Every structure is written in structure tokens, then in C-alpha cells.
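J.: Just to be clear, the model below is a prediction. Sequence and coordinates:
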Amino acid sequence: MKRIPLKALLAIMALTIVMVACGEKKDTEQTSPAVAGEELSAGKAIAQKDCAGCHGLDGKGANENIPNLAAQYTDYLVASLNAYREGKRTHAALKDMAAGMTDEDVQNVASYYASLPPVKSEQAEAAMVSPYEKGKETASACASCHGEDGNSTTAGIPNLAGQQPVYFISAVNDYLSGKRSIASAEKEAMVSALNRVDIESMALYFASQTPVKRDAPSSGDPAAGEPLSANCGGCHGSHGVSKDAAVPSLASQDPQYIVKATKAYRDRVRQQEDMHKVLTDISDTDLQNIAAFYAVQESKPAQEDPISIQALAEQCDRCHTPSEEAVSKVVFPKIDGQSRAYLMKALREYRDGKRESSTMHKMSLPYSDAIIESLAEVYASRPAR
């Protein structure tokens, strides 16, 4: 057997002694039950003094707009309180309260709430209902005029199928505000009954429907209308297929409706100065030719791949429902079983830049209130953990 030099043997012995000493030191530095109990007791006192009025001593929000804190990750609660202390979150009362806390206070109160059992969810488990499904149900009221899938078969009534969603929302809001006149009391009552989520859901549904190709109309000349449409293409897209969510597609649109709408812009019945300038010297005959050209163009859905709430929830789960191995590496909150109203409020604040998080802002920026509501329903109905 090969002999180990004395110098090497002494080095190994010294290293072993150091490792044992470090191990012993680590063991003695671990938090003892007594220390943990003192921390939780101190945290409970802070919670009772400063937090219980809103979040309860049991960690349950006092109303649906206030989040539950029970069983939340300690690191997330610490990061949130520090965000208020540093002005990265803007709630005035929380900023004032957090500003008076020491680092130890923050750690103690976070540890206290994290130690509590989760609040039992009060919402029944929700199915993964997409805003497209909600929109289809709401849009059924429009079917008698605009067709079941938004393809109108009545002359003078516009297609809604394949229409750009932001434009659809702005058009409905124009009817609600009186900027556009409503043809009948029945239609006025129907439109007035819609809330913001209803309108957005309908917009997404109609945007995902395929416009039906039209035959050439009896009035107007498509060939004569093509060169006249040059100015229109800058906004409404090649051959009337818009790529801008705020600008309507004209392809496959009802020609009588196009003539009626363009006349209203030209004659300032509808207030849109850019449209008025483009159309001011266009004759009625030219308008009929332009409408005929766009009517026979093939269109397509504004959103060919509808957003799946299941897919969106799976994206959120990567951070908010991580594996056990990943929990120690993230500072994201648990959101299962959280209040639906609070989840909607928080997501809107991230989307609108009212809460500082570049990641959450980028992720939620495309989300309409309809999508946010569907996501919130999914997580609110899950059991808290």
C-alpha cells in the first residue's frame, strides 16, 4: 500500500477538523423552536396592530378586493412589503404602514402569515370557459340582424365576422355614448345592457369567425373601385384586410353598409376627421365602386388562433404553481384560491403599469378584461394550498 506523506496527512486531518467544526457551527445556527416561536409571536403582534383590519388575524381578506395572506410564501410577503417601503407599489396606506417597519418587523409579520393554514376557497370550481365561448353566448342576441356567426345576409347590415376586436369595441362604445345613432329602441336596449366584459368577449368571438366570400353586388363596379381604394389601403390593409386591431377590415363587407358608413364620414355625420379628409371629394358613384371592390375581396378572421384559457393558465402555473424543487428559487405568490376580484384587480394593475413588474406587464399587456376575468375565475375556484 502506498504511504501517504506526513505533510499530506496533516493537511487532511486539518481539513477534517475544519469540516466538523463548520458542521457543528451550522447546526448551532439553525433556528431553534423557541426562536421560531418568538418570531411568530412578534409577527402576530404586528399583524394584530397593523394588518388585521384588512387581512384578518387569520390571513383572510376583509372583502373580495383584499388578498388572503394565510399560507403565502414568506419571501413573497417580504418582497411585497419591501416594494411598498420603496415606493414600487402605490397603495398609500400600505406605503405609510410599511415605511414604519424595520427589516425584522417585515420578516416577522411575513413569517406569521405564512405559518397560517390556507383560507378555504368560497368559489365553486370553475370550468375553463374562454371569453370566446362567453362571447358566442352574448352574440346570440345579435344573430337576427348580423347572422349567427357574424356573417350578415341582410342588405345594409354589416358583417361582424372576422372584424378587428379593438375596432368592434370602439364602435359599440360609440353607440353607447351617442356618437353613432342606434336604429331602433330594441337595439338600443340590447346594447345598453352590455358591460365591458360582454363587449370584449363578443369582440374576441366575432374576430375569430371566418367572413363568407360575397358575390359581386348589383350596383357599383369592383374594377373601377380598385384604383379608387388606394388611399383606403394605407389604413385598412391590402384588399381591405386590416392588420391593425383598431382599424376595421373592409374585405367581404356588405356593400350597402360601406356606402352608408363612408357617406356618414364624408358628410361629418360620423365624427372622424381623417376619414372626412380622405372622402371629402369622393362622389357617391365612386363610393359605390369602392364598396363593390371591397365586397368581393376575400377576408379572413382577425384572430385565427383563439387564445385558450387553459394554455394561459398553464403559462401562469410555471411560476405560480411551481414544483417543490423550484419553490425555494422563486418569489412569486400562490394564487390558487385567491379572491377573484383581487386577482382581476392585480392583473389589471400589472397590465396598465400601475404595479412595477416588467415581466408581469409584458405578459398581461395583450389581455383584455374578458381574458383577465376568465383567468381569475380559474384560480379563484382552485383549492388554496
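T.: Sure thing, it's come through.
J.: Only C-alpha atoms from now on, for both contacts and neighbour counts.
T.: Fine.
J.: in the stretch 101-250 of the chain, which spans are helices?
T.: Applying DSSP state H, counting those that start in this stretch to the stretch 101-250 of the chain gives helices spanning 103-114, 131-139, 143-146, 165-177, 185-192, 196-207, 222-228, 230-236.
J.: Model confidence for the residue nearest to the spatial centre of the chain, exactly?
T.: The structure's the chain has its C-alpha centroid closest to residue 367; by C-alpha atoms, centre = their mean the separation is 3.0 Å. Per-residue pLDDT puts residue 367 at 85.
J.: Please produce JSON lines containing the helices of the stretch 101-250 of the chain, extended by distance to residue 374, mean neighbour count and mean pLDDT.
T.: Below are these laid out as JSON lines (distance: least, C-alpha to C-alpha, whole Å; neighbours: other C-alpha atoms under 10 Å; pLDDT from 0 to 100):
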{"stretch": "helix 103-114", "distance to residue 374": "27", "mean neighbour count": "22", "mean pLDDT": "96"}
{"stretch": "helix 131-139", "distance to residue 374": "7", "mean neighbour count": "20", "mean pLDDT": "91"}
{"stretch": "helix 143-146", "distance to residue 374": "24", "mean neighbour count": "16", "mean pLDDT": "93"}
{"stretch": "helix 165-177", "distance to residue 374": "17", "mean neighbour count": "18", "mean pLDDT": "92"}
{"stretch": "helix 185-192", "distance to residue 374": "22", "mean neighbour count": "13", "mean pLDDT": "86"}
{"stretch": "helix 196-207", "distance to residue 374": "10", "mean neighbour count": "25", "mean pLDDT": "93"}
{"stretch": "helix 222-228", "distance to residue 374": "43", "mean neighbour count": "16", "mean pLDDT": "97"}
{"stretch": "helix 230-236", "distance to residue 374": "31", "mean neighbour count": "15", "mean pLDDT": "94"}
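J.: between those, which gets nearest to residue 344?
T.: helix 196-207 (11.9 Å; C-alpha to C-alpha).
J.: how far off helix 165-177 does that closest one point, in degrees?
T.: Between helix 196-207 and helix 165-177, the angle comes out at 130 degrees (axes from the mean of the first three to the mean of the last three C-alpha atoms, to 10 degrees).
J.: Helix 196-207 packs against which elements?
T.: Packed against helix 196-207 by the contact rule (3 or more C-alpha pairs under 8 Å, 6 or more residues apart in numbering; DSSP states H and E) you find helix 131-139, helix 165-177, helix 369-381.
J.: For those, give me TSV that also has distance to residue 50.
T.: Below are those laid out as TSV (distance: least, C-alpha to C-alpha, whole Å):
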stretch	distance to residue 50
helix 131-139	39
helix 165-177	43
helix 369-381	26
